[in-house]
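Visitor: Structure for this input, please:
(2 chains)
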2 protein chains.
Amino acid sequence: MASDDNATVLPTNRIVHDAEYYILEAQHGGRWAAEDQDIEQRLAALRQKHGAPPNIIHIMWDDTAVGEVGIPAIQKVRGFETPNINRLAAEGINFMRMYSEPSCTPSRAAVLTGRHPVRNGMFNVAFPYEYGGLATSEHTIAKVLSKAGYTTAFYGKAHLGDVEESYMTNHGFDEALWTPYNQVPSLYTAQGQMTALAPGVMFPEMFAKDPYDIDPGWRPTGFVFALEGTKGGPVREFGRATLEDYNKLDPEMQKRTIEFIRKNAAAKKPFYVDYWPIMTSLFGFPNRVTANGALPQEALARLDVWIGELMTELKTLGIAENTLVILMADNGPFTHNGPSGMAETLYRGGKGDYLEGGVRVPAMAWWPGMIAPGQTVGDILHETDLFRTFARFAGATEQVPTDRIIDGVDQTALFLKGDTFSRRDFVFIYTGNVLAATVKGRYKRVWIDEHPGLSGAAFYDLFTDPRETSAKMLPMFPAKGMFSIMKARHQLWMEKYPNAGEARAFPLTGIENARPETAAAGRPRVDVSKLPFDPFEFMKSLSEWNDIQFDREE
Amino acid sequence: MASDDNATVLPTNRIVHDAEYYILEAQHGGRWAAEDQDIEQRLAALRQKHGAPPNIIHIMWDDTAVGEVGIPAIQKVRGFETPNINRLAAEGINFMRMYSEPSCTPSRAAVLTGRHPVRNGMFNVAFPYEYGGLATSEHTIAKVLSKAGYTTAFYGKAHLGDVEESYMTNHGFDEALWTPYNQVPSLYTAQGQMTALAPGVMFPEMFAKDPYDIDPGWRPTGFVFALEGTKGGPVREFGRATLEDYNKLDPEMQKRTIEFIRKNAAAKKPFYVDYWPIMTSLFGFPNRVTANGALPQEALARLDVWIGELMTELKTLGIAENTLVILMADNGPFTHNGPSGMAETLYRGGKGDYLEGGVRVPAMAWWPGMIAPGQTVGDILHETDLFRTFARFAGATEQVPTDRIIDGVDQTALFLKGDTFSRRDFVFIYTGNVLAATVKGRYKRVWIDEHPGLSGAAFYDLFTDPRETSAKMLPMFPAKGMFSIMKARHQLWMEKYPNAGEARAFPLTGIENARPETAAAGRPRVDVSKLPFDPFEFMKSLSEWNDIQFDREE
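Guide: Alright, predicted model coming up:
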């Protein structure tokens, strides 16, 4: 957080954005203020009509390329259909330039905190064991909205760590059912009969004994598949990592989401709910419903049915016109090492890449009466913007913390006025904690793998070369200095408002119904007194954690 | 043409299709016949109402990827708009799986003749000099429709050769203004100041004298930029290869197209017109009208304005409901060696490739009252199908020649009934005269560059892998024998109905206003008596002409 000598940079009651934002604000602030007046009147009228600020439903699934949903023509090419998702897009905004972080954990952290995950340590993908997770010093959107009177819930794939501090019930959600890790470990079970996991790496009982395998404590065991709980209440394991329980999880989360919506609609209480399905899975469906037949398309076709039911439910409850629904993917398709059916559509690259294919995702917004139908929007927005924008819609801007950088900018105008009303034209693209590329409007500068003997060669024009196949230096020379300045300013601002780290502790503590193996998770399995070192000093010294400030109790 | 001993293969009064078609007909012929009855009633009712069969306007431009027009969301990504073309698509059918030939000359020949260009020698791209072109033994759609009482016209880029036999006025068009070659030579002029042509390769006067350049007759000179004429009348050069005349050509062609339409509407005479603009050009526009700003996008934005005018004109004339309009590109984007702005969208590869990116093109059909609006169609069709389908709409099926293979199949049902009503599920993809790949439904077999030590490795599933990035053998093993049989059957049928060659002669003869250098075009510029060989024996021996039967006068 900001140190004393930096506290003077901005008034402490103002939200701190990344430096580049102020360059735009200095040029457009007057117009933005006028737009905001108009928007405030519309929001006030809506609140007057419904007696409460709008409900927000955020649905985010895995690994999907731009256009894979929401553009029927592309689905013809891919041999599957999502008629309800497409209808939602057609009745609202189809965002063509939503940027995400490049993989699951960072993307989910970004949506919840409104901050690039480099700022809070959540920049790598959680697998058992992490000995880490989202710190409670972060202010999630659930905390922000709770302070403004919202009821909040989280159902789905959180993937935000295994330490108690990272549990969703410790992050402002009134109720939650979530998976702390990627679903992959849950699927490589004896029941799943998957063959892709290296023999015995996690489930040695599936294989014949390996006589050279002399350190049985090396593997993670007893990890938790899903957790559930309520704010301030106990946390419990939900199910086990079996195929049977895996198949139960999404229906259960969908059921709870609908029940949560009904309960709050009946109570006339504003609500916020994240439904982040685990169903875009790595596990096959025995009966295929799409011509395509590959896993992601099958999962999307199934999600689509539920989205249709959700839209009907909102109308039946009479709250559709006071409810914003966002659908989006968390990152690009899992083309590197992923399952069949994961494919590029418009962009090059996929999950994990700083290429557009890694960080541009399908995204759409639906809000009958407030968002005009039939909009296709070419503006840049970043998933962190949702944090700031949701807060504004909820009348909770005052609750956004002002002691740290909030990367998300207020996109209320883009949602309500449409094309060309974005308040950002830039994105800083990180892979892990490395700044890999910077986007400014149609231009992109890649910072890594460059030819250092040139003045930086990796400049792209995303209108003429959307697949980033032909880096150009000479025709783009005016962009060199401008990108260098943006990067320097971004980094200087980061010195003024330093990055924080993730929470570090023993995993999977504080679980009421913990199995013995869960209770032992991550604890040393050897006699520590026989070791010449502290077996957990790694928490401070692994290179991937270089940037982390170890300023909290562990 | 079919030799005597093959004449027994099919009754001589039946159109001969490629072998694979009969496999489908044997399975679906009964249903097709029932559909056809219904279609004939609709067409008869329309003819009754308008007193004439429908007019057909075919518009085809260069080098455009699927989705680049007709899908507004993709245009947001590319930074340009074609609102009229998109409206035409939205009011009719947007074909997501129109296959073309992989480059300009073959594609144009395929549309005009309904035959893969390997069957008539038109499989390479015409540049000065070709000493060749489309033979009059081919029956173009203009000839077919003329016999059924249509007035026909051709305005635009024909690109079908430089010999007199290939002139559009010798191919059934009542009036024509056309470019015999690719437009590139027309643009590398001193006026154009283009820098991409190798110094002096065509216009040595643009450069300082090269003292090592000792064969001035090697270069083509005096080539013709555009020709015009009427059926049976004289043919004249139109303009010269100057920037000024280049810029005049498209407006002139557009003007003549509209005048032709008005004239025939007034005379209540059914008409067929090809407007194949040269405007998707390699020459820049001094004033840009799109954010993208690259040449192809600028050209499309300009074409779009005219398409809007055309749609208005058809309505004003009261003939929109009796006029079928087709818009399409001739092949994929010119990504290999082409100008800026040529980029892949959904598919891998571009112009010249057997990859989907080379041979899948944007295509749409508009016919108010006959084609239902809002259709996105996933069926396979091939541009040769237009020949057969136009003939059917015109009531000219009887005029289709029955002594040769017509690759085009009747897609009337697809146009009038929509999605899933295609009468083909296969495409044979040639590059030049090489069979490079075969498509059957969602599957694709590539025949070249394969691993011969395997049972053929290059099998693709185009639903799960539309970009053809991951060839698969084992999961696709059932396809091996099936594709091999298709290929063998295709080749056996070709033995029964042999390929013909292009017309061969001295170029650019029979031009009323020929300049001296045009009249001398392609004639030996050395004293032939001093040569130990016939300087034109190359016409029979260049390897690219291996397949050609030299059975005509030269």
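Visitor: what about A:Ala33, neighbour count?
Guide: 10 (other CB atoms under 10 Å in any protein chain shown). C-beta here means a position set from N, CA and C on the backbone, and glycine is covered the same way.
Visitor: I misspoke; the intended subject was A:Glu237.
Guide: For A:Glu237, the count of nearby residues is 17 (other CB under 10 Å).
Visitor: so what's it up against?
Guide: A:Val224, A:Phe225, A:Ala226, A:Leu227, A:Ile511, A:Asn513, A:Ala514, A:Arg515, A:Thr518 (CB atoms under 8 Å, 6 or more residues apart in numbering or on different chains).
Visitor: 6 Å - rerun?
Guide: For A:Glu237, the contacting residues are A:Val224, A:Ile511, A:Asn513, by CB atoms under 6 Å, 6 or more residues apart in numbering or on different chains.
Visitor: got a list of contacts for the helix or strand containing A:Glu313?
Guide: Using DSSP states H and E, A:Glu313 maps to helix A:295-316. With CB under 6 Å, 6+ apart as the test, helix A:295-316 has contacts from A:80, A:82, A:84-85, A:254, A:277, A:279-281, A:284-285, A:288-290, A:320, A:323, A:339, A:341-342.
Visitor: Sort out which residues of that helix are buried, please.
Guide: A:295-304, A:306-308, A:310-311, A:313-314 (16 or more other CB atoms under 10 Å in any protein chain shown).
Visitor: mind exporting that helix as PDB, just the C-alpha atoms?
Guide: Extracted in PDB, the C-alpha atoms of helix A:295-316 (Å, rounded to 0.1, in the frame of the first residue of the first chain):
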ATOM      1  CA  LEU A 295     -15.500 -30.800 -24.700                       C
ATOM      2  CA  PRO A 296     -15.600 -27.000 -24.700                       C
ATOM      3  CA  GLN A 297     -18.400 -26.800 -27.300                       C
ATOM      4  CA  GLU A 298     -20.400 -29.400 -25.400                       C
ATOM      5  CA  ALA A 299     -20.000 -27.500 -22.200                       C
ATOM      6  CA  LEU A 300     -21.000 -24.200 -23.700                       C
ATOM      7  CA  ALA A 301     -24.100 -25.800 -25.300                       C
ATOM      8  CA  ARG A 302     -25.100 -27.000 -21.800                       C
ATOM      9  CA  LEU A 303     -24.300 -23.700 -20.100                       C
ATOM     10  CA  ASP A 304     -26.500 -22.100 -22.800                       C
ATOM     11  CA  VAL A 305     -29.600 -24.000 -21.700                       C
ATOM     12  CA  TRP A 306     -29.100 -22.700 -18.200                       C
ATOM     13  CA  ILE A 307     -28.600 -19.100 -19.400                       C
ATOM     14  CA  GLY A 308     -31.900 -19.300 -21.200                       C
ATOM     15  CA  GLU A 309     -33.600 -20.500 -17.900                       C
ATOM     16  CA  LEU A 310     -31.900 -17.600 -16.000                       C
ATOM     17  CA  MET A 311     -33.200 -15.000 -18.500                       C
ATOM     18  CA  THR A 312     -36.700 -16.500 -18.200                       C
ATOM     19  CA  GLU A 313     -36.400 -16.500 -14.400                       C
ATOM     20  CA  LEU A 314     -35.400 -12.900 -14.200                       C
ATOM     21  CA  LYS A 315     -38.400 -11.900 -16.300                       C
ATOM     22  CA  THR A 316     -40.700 -14.100 -14.300                       C
END
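Visitor: Surely A:Phe95 is within a helix?
Guide: No: assessed with DSSP: H, G, I helix; E, B strand; the rest coil, A:Phe95 is strand; it does not lie in a helix.
Visitor: What pLDDT is listed against it?
Guide: A:Phe95 is assigned a predicted lDDT (pLDDT) of 98.
Visitor: Now for A:Glu495, how many residues are close by?
Guide: A:Glu495, neighbours per other CB under 10 Å, totals 10.
Visitor: er, A:Arg31 I mean
Guide: Neighbour number of A:Arg31 under other CB under 10 Å is 11.
Visitor: Which helix or strand contains it?
Guide: With DSSP H and E as criterion, A:Arg31 is part of helix A:19-50.
Visitor: Please list which of the contacts of helix A:295-316 are also close to chain B.
Guide: Among the contacts of helix A:295-316, the ones lying near chain B by CB under 6 Å from any CB of the partner chain are A:Gly341.
Visitor: Take the contacts of helix A:295-316 and keep only those in helices.
Guide: Judged by DSSP state H, the contacts of helix A:295-316 include A:Asn84, A:Ile85, A:Gln254 as members of helices.
Visitor: who wins for neighbours among those?
Guide: Among the ones in helices among the contacts of helix A:295-316, A:Ile85 has the most neighbours (other CB under 10 Å), with 25 neighbours.
Visitor: Excluding chain neighbours, what is closest to that residue?
Guide: Of all residues not flanking A:Ile85 in the chain, A:Val69 sits nearest, at 4.8 Å (CB to CB, 6 or more residues apart in numbering or on different chains).
Visitor: Next one: the one you found from A:Ala394, what distance?
Guide: Separation of A:Val69 from A:Ala394 (CB to CB, to the nearest Å): 27 Å.
Visitor: These two: who's more crowded?
Guide: The residue with more neighbours, out of A:Val69 and A:Ala394, is A:Val69; 32 against 25, by other CB under 10 Å.
Visitor: and that one, what does it touch?
Guide: By CB under 6 Å, 6+ apart, the contact list for A:Val69 reads A:Thr82, A:Ile85, A:Pro362.
Visitor: Going by distance to chain B, which of the contacts of A:Glu237 wins?
Guide: Taking CB to the nearest CB as the measure, chain B sits nearest to A:Val224 out of these, at 33.1 Å.
Visitor: quick one: that closest one and A:Thr509 touch, right?
Guide: No: between A:Val224 and A:Thr509 there is no contact under CB atoms under 6 Å: 10.8 Å.
Visitor: neighbour count winner among the two?
Guide: Neighbour count, other CB under 10 Å: between A:Val224 and A:Thr509, A:Val224 has more, with 25 against 17.
Visitor: What's the separation between the residue nearest to the spatial centre of chain A and A:Ile141?
Guide: The centroid of chain A falls nearest to A:Arg108 when counting by CA atoms, centre = their mean (2.2 Å). Distance from A:Arg108 to A:Ile141, counting by CB to CB: 12 Å.
Visitor: cool, and A:Gly161?
Guide: 17 Å.
Visitor: Between the two, which has more neighbouring residues?
Guide: A:Ile141 (31 against 28).
Visitor: what's near enough to touch the more buried one?
Guide: With CB under 6 Å, 6+ apart, A:Ile141 has these contacts: A:Leu112, A:Phe387, A:Phe390.
Visitor: Before we move on, what's the pLDDT of the spatially closest residue to A:Pro54 that is not a sequence neighbour?
Guide: Leaving aside its sequence neighbours, A:Pro54 sits nearest to A:Asn322 (CB to CB, 6+ apart; 5.0 Å). The score at A:Asn322 is 98. That number is its pLDDT.
Visitor: How about A:Ser186?
Guide: 60.
Visitor: related to what we said a few turns ago, could you identify the buried members of the contacts of A:Ile141?
Guide: By neighbour count, with 16+ other CB under 10 Å, these hold A:Leu112, A:Phe387, A:Phe390 as buried.
Visitor: Inside helices: which ones of the residues you listed?
Guide: In this view, the buried ones among the contacts of A:Ile141 that belong to helices under DSSP H are A:Leu112, A:Phe387, A:Phe390.
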